[in-house]
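K.L.:
show me how the following folds:
(one chain, ligands or ions: 1)
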Amino acid sequence: MKIIDRLTAFIIIGVCLTTALPILAAIALVRQQALEREDAHVTGLARAALSRAEITADQLSAGGRLVGGLTRQQACSDEGIDLLRRIDLSSTLLQAAGYIEGDVMICSSFGGNKPRNLGLPDFQSRTNAAIRTDVRLLDPDLPYLAVSRGAFVGIVHKDLALSFLDDTPGLGFSIFSWSHRQPLISRGNIDSRWFRAEADGDIVFRTGSHIVAIVRSSRYDQGAMAALPLAFSSGFIRESAIILIPIGIFVGLLLSAILIFVVRTRMSMPTMIRNGLKGSEFNLLYQPVVDLSSGTMMGVEALIRWRRNGKDFVPPETFIPVAEQAGIISLITARVFRLLAEDAPHILSERPFFHFAVNFSAGDMHRPGVVEEVRRFASQSGIALDNLVIEVTERSLVDVNLAGETMRQMRAAGIRVAIDDFGTGYSSLGYLAQLHVDYLKIDKLFVQALGTDSPTSQVAARIIEIAKDLNLQVIAEGIETKRQERILKGLHVGCAQGYLYGRPMPLDELLQLLRRKGSVRRLEAA
Ligand SMILES: Nc1nc2c(ncn2[C@@H]2O[C@H](COP(=O)(O)O[C@H]3[C@@H](O)[C@H](n4cnc5c(=O)[nH]c(N)nc54)O[C@@H]3COP(=O)(O)O)[C@@H](O)[C@H]2O)c(=O)[nH]1
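P.N.:
As a prediction, the model looks like this:
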């Protein structure tokens with residue numbers, strides 16, 4: 001019940017996380033993408049304005065080159081005024097071209113020889129151009145920009161330069177003198193505080209109401225600014241969200257479905273095990289254990305197999321841990337005893353002193369009355385208690401005191417005890433010496449590392465030394481090659497198990513094998 005509750009809590013938390021995290025990630029990505037796209041968009045607008053400003057400056061420079069060297073008489077002669085008109089007509093962004101002395105435009109492309117006072121310049125640019133930002137000509141309501149260098153003056157219509165840029169409502173533009181931070185031409189809402197004195201090059205920043213991009217000309221002492229109201233930037237969020245949020249939701253739901261599938265499969269496995277035990281889905285295989293010096297078969301290890309619904313093979317590494325966790329390992333052990341009780345008489349009729357190893361889990365070792373269960377099984381199966389080996393993995397010794405007491409009682413009853421997979425758990429030699437044990441079974445990991453460069457290649461030899469010191473017998477498991485066998489013989493290991501001598505096999509095959517082989521030795525007790 002407790003496990004189910006924990007699993008339920010795990011599923012709920014897991015589903016929440018697997019659903020929410022991809023969606024939150026998608027939202028963060030949408031925001032990030034939208035911010036980047038907004039920045040790029042507003043910077044692009046500022047660049048477009050700057051490009052118009054640079055074209056205007058190019059046209060002013062070209063006019064200056066043509067008129068700059070002329071005297072007043074030359075510039076204001078009929079030919080000079082024709083020249084000013086040609087400059088005017090060929091310049092897309094100049095409204096008029098003129099000849100200036102002091103603050104007075106002496107003659108011009110639109111007024112001929114009629115002088116006009118343009119007033120004092122607002123400021124002098126870094127390149128010595130005099131800038132007048134509010135010049136009125138014929139129409140007193142129409143302000144122009146006048147830029148003069150030397151004797152040439154160019155008149156710029158203040159709306160024209162920025163006229164065919166994006167006209168999103170609320171969008172503001174400004175072309176300004178970079179070193180003076182003085183606007184030359186502006187359109188829309190531009191706040192004077194946005195001309196940031198500290199900006200040294202292109203920047204994008206956000207105010208409470210706008211995204212503002214500032215770009216700097218590499219050719220002129222000019223900059224351009226574009227300011228987009230935040231209210232109009234949400235379009236980008238919408239565009240990104242339309243793609244990314246559904247992907248986030250899809251991934252979240254997919255992960256949740258996978259999680260639920262995996263957990264449900266695991267949760268339902270105890271039920272499947274119970275159902276399998278009700279039918280006859282479980283059977284035993286027997287793997288030979290041999291005397292290493294003579295090569296004779298001394299006994300077998302009983303290994304359980306599950307063919308679910310009579311079809312799908314479920315490996316013990318999958319279902320044994322689930323059964324242990326769900327507290328139903330005793331049902332499996334009971335089935336092993338029942339099957340072995342059926343098979344043992346056939347084997348014993350061939351080899352009366354054959355020994356049988358059975359795997360026990362932590363749950364078995366902690367169960368009160370388990371030694372009595374083993375005794376009952378032994379008497380039903382005809383296996384002598386001292387021909388029975390209970391294999392307990394190191395990892396199963398969760399409660400060492402309880403498991404140790406069960407071992408003591410087993411030994412007292414004459415049952416032999418082996419520590420399985422030795423070296424893979426957390427054994428301390430201190431408690432090993434106090435346990436009532438007959439055999440140490442070296443894990444196949446260490447056997448297979450023998451004679452290799454692996455850092456664990458020496459572990460088997462150390463385990464054998466420990467066993468000798470504690471007066472215990474050694475069984476090496478997982479022997480697959482003659483080389484491993486040779487090394488283990490050299491280390492004086494007594495018993496061996498592995499594919500080299502036989503894979504786990506059904507009863508029929510084992511009986512045939514026994515009938516072909518000669519006599520067997522009894523296993524030595526420690
Ligand atoms: N509590 C119980 N545990 C059991 C029972 N039956 C098996 N098990 C445990 O499941 C684990 C996997 O066992 P299995 O798939 O049966 O594998 C055994 C052998 O097939 C394998 N083996 C033997 N020789 C070799 C070899 O040369 N090479 C190689 N790659 N594998 C080999 O080792 C397994 C035997 O392991 P062990 O028990 O440690 O001797 C395993 O942990 C079983 O213990 C059961 O009824 N109850």
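K.L.:
and the gap between residue 512 and residue 360?
P.N.:
For residue 512, the distance to residue 360 equals 29 Å [Cβ to Cβ, to the nearest Å]. To be clear about C-beta, it is placed using only N, CA and C from the backbone, and glycine gets the same treatment.
K.L.:
of these two, give the one with the bigger neighbour count.
P.N.:
Each of residue 512 and residue 360 has its neighbours counted (other Cβ atoms under 10 Å); residue 360 has more, 25 against 11.
K.L.:
for that one, which residues make a bridge with it?
P.N.:
Beta-bridge partners for residue 360, by DSSP bridges, are residue 392.
K.L.:
next, count neighbours for the closest residue to residue 310 other than its chain neighbours.
P.N.:
Leaving aside its chain neighbours, residue 310 sits nearest to residue 281 (6.6 Å; criterion: Cβ to Cβ, 6 or more residues apart in numbering). For residue 281, the neighbour count with other Cβ under 10 Å is 20.
K.L.:
wait, what's in contact with residue 281?
P.N.:
306-310 (Cβ atoms under 8 Å, 6 or more residues apart in numbering).
K.L.:
what's the ChimeraX line that selects buried ones from those residues?
P.N.:
Under the burial definition 16 or more other Cβ atoms under 10 Å, those of those that qualify are selected in ChimeraX by:
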select :306,308
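K.L.:
taking the contacts of residue 281 one by one, which sit in strands?
P.N.:
In strands, defined here by DSSP state E, the members of the contacts of residue 281 are 306-308.
K.L.:
I'd like these as a markdown table, with distance to the ligand and pLDDT appended.
P.N.:
Conversion of these to a markdown table gives the following (distance: Cβ to the nearest ligand atom, whole Å; pLDDT from 0 to 100):
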| residue | distance to the ligand | pLDDT |
| --- | --- | --- |
| 306 | 10 | 96 |
| 307 | 14 | 94 |
| 308 | 15 | 88 |
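K.L.:
which SS class is residue 383?
P.N.:
Secondary structure for residue 383, judged by DSSP: H, G, I helix; E, B strand; the rest coil, is coil.
K.L.:
that one and residue 353, how far apart?
P.N.:
Look at residue 383 and residue 353: by Cβ to Cβ, they are 10 Å apart.
K.L.:
okay, those two: which has more neighbours?
P.N.:
Per other Cβ under 10 Å, whichever of residue 383 and residue 353 has more neighbours is residue 383, with 22 against 15.
K.L.:
that one reaches residue 345, doesn't it?
P.N.:
No - under the contact definition of Cβ atoms under 8 Å, residue 383 does not touch residue 345, with a separation of 9.2 Å.
K.L.:
out of the ones in strands among the contacts of residue 281, who's nearest residue 341?
P.N.:
residue 306 (18.8 Å; Cβ to Cβ).
K.L.:
list the beta-bridge partners for the closest one.
P.N.:
Beta-bridge partners recorded for residue 306 (DSSP bridges): residue 282, residue 314.
K.L.:
and the closest residue to the ligand within the stretch 51-200 of the chain, helix, strand or coil?
P.N.:
Of all residues in the stretch 51-200 of the chain, the one sitting closest to the ligand is residue 200 (68.3 Å; Cβ to the nearest ligand atom). Assigned by three-state DSSP, the conformation of residue 200 is coil.
K.L.:
how near is residue 125 to residue 91?
P.N.:
Counting by Cβ to Cβ - residue 125 and residue 91 are separated by 19 Å.
K.L.:
if you could redo that for residue 302, that was the one I meant.
P.N.:
Separation of residue 302 from residue 91 (Cβ to Cβ): 101 Å.
K.L.:
same thing with residue 97?
P.N.:
Taking Cβ to Cβ, one finds residue 97 at 7 Å from residue 91.
K.L.:
neighbour count for those two, which is higher?
P.N.:
Neighbours per residue (other Cβ under 10 Å) separate residue 97 from residue 91, with residue 97 holding more: 32 against 21.
K.L.:
report the buried residues of stretch 147-163.
P.N.:
Of the residues in stretch 147-163, those buried (16+ other Cβ under 10 Å) are 147-158, 160-162.
K.L.:
over to stretch 269-284?
P.N.:
By 16+ other Cβ under 10 Å, the buried positions in stretch 269-284 come out as 269-270, 272-273, 276-277, 281-282, 284.
K.L.:
redo those residues as a markdown table? Include pLDDT.
P.N.:
Conversion of the buried residues of stretch 269-284 to a markdown table gives the following (pLDDT from 0 to 100):
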| residue | pLDDT |
| --- | --- |
| 269 | 87 |
| 270 | 90 |
| 272 | 89 |
| 273 | 93 |
| 276 | 92 |
| 277 | 93 |
| 281 | 94 |
| 282 | 96 |
| 284 | 98 |
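K.L.:
need the residues you listed in TSV with secondary structure and distance to the ligand, can you?
P.N.:
Listed next are the buried residues of stretch 269-284 as TSV, based on DSSP: H, G, I helix; E, B strand; the rest coil; distance: Cβ to the nearest ligand atom, whole Å:
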residue	secondary structure	distance to the ligand
269	helix	15
270	helix	15
272	helix	17
273	helix	12
276	helix	13
277	helix	12
281	coil	14
282	strand	9
284	strand	8
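K.L.:
let me see the ranges of the strands in the stretch 151-300 of the chain.
P.N.:
According to DSSP state E, counting those that start in this stretch, the stretch 151-300 of the chain carries its strands in the segments 152-157, 172-177, 182-187, 203-206, 210-216, 222-229, 282-291, 297-308.
K.L.:
hey, which of those strands is tucked in deepest?
P.N.:
Mean neighbours per residue, mean count of other Cβ atoms under 10 Å, is largest over those for strand 152-157, with a mean of 26.
K.L.:
that one - contacts with which helices or strands?
P.N.:
Judged by 3 or more Cβ pairs under 8 Å, 6 or more residues apart in numbering; DSSP states H and E, strand 152-157 is in contact with helix 2-67, strand 94-101, strand 104-108, strand 143-149.
K.L.:
what residues does the stretch 201-350 of the chain have near the ligand?
P.N.:
By Cβ under 6 Å from any ligand atom, the part of the stretch 201-350 of the chain that sits against the ligand consists of 287, 301, 303-304, 315-317, 320, 332, 336.
K.L.:
mind running it again at 8 Å?
P.N.:
Within the stretch 201-350 of the chain, the positions adjacent to the ligand are 284-285, 287, 301-305, 315-317, 320, 323-324, 329, 332-333, 336 by Cβ under 8 Å from any ligand atom.
K.L.:
just the pLDDT for the nearest residue to residue 478 once chain neighbours are set aside.
P.N.:
Counting by Cβ to Cβ, 6+ apart, the nearest residue to residue 478 once its immediate chain neighbours are dropped is residue 444, at 2.2 Å. Here the pLDDT value assigned to residue 444 is 94.
K.L.:
what sits against residue 444?
P.N.:
Counting by Cβ under 8 Å, 6+ apart, residue 444 touches 477-478, 498.
K.L.:
for the residue of the stretch 51-200 of the chain closest to the ligand, give me the pLDDT.
P.N.:
pLDDT at residue 200 comes out at 82.
K.L.:
relative to residue 125, how far out is it?
P.N.:
To residue 125, residue 200 is 18 Å away according to Cβ to Cβ.
K.L.:
those two - which one has more neighbours?
P.N.:
Taking neighbours as other Cβ under 10 Å, residue 200 and residue 125 compare with residue 125 leading, 20 against 9.
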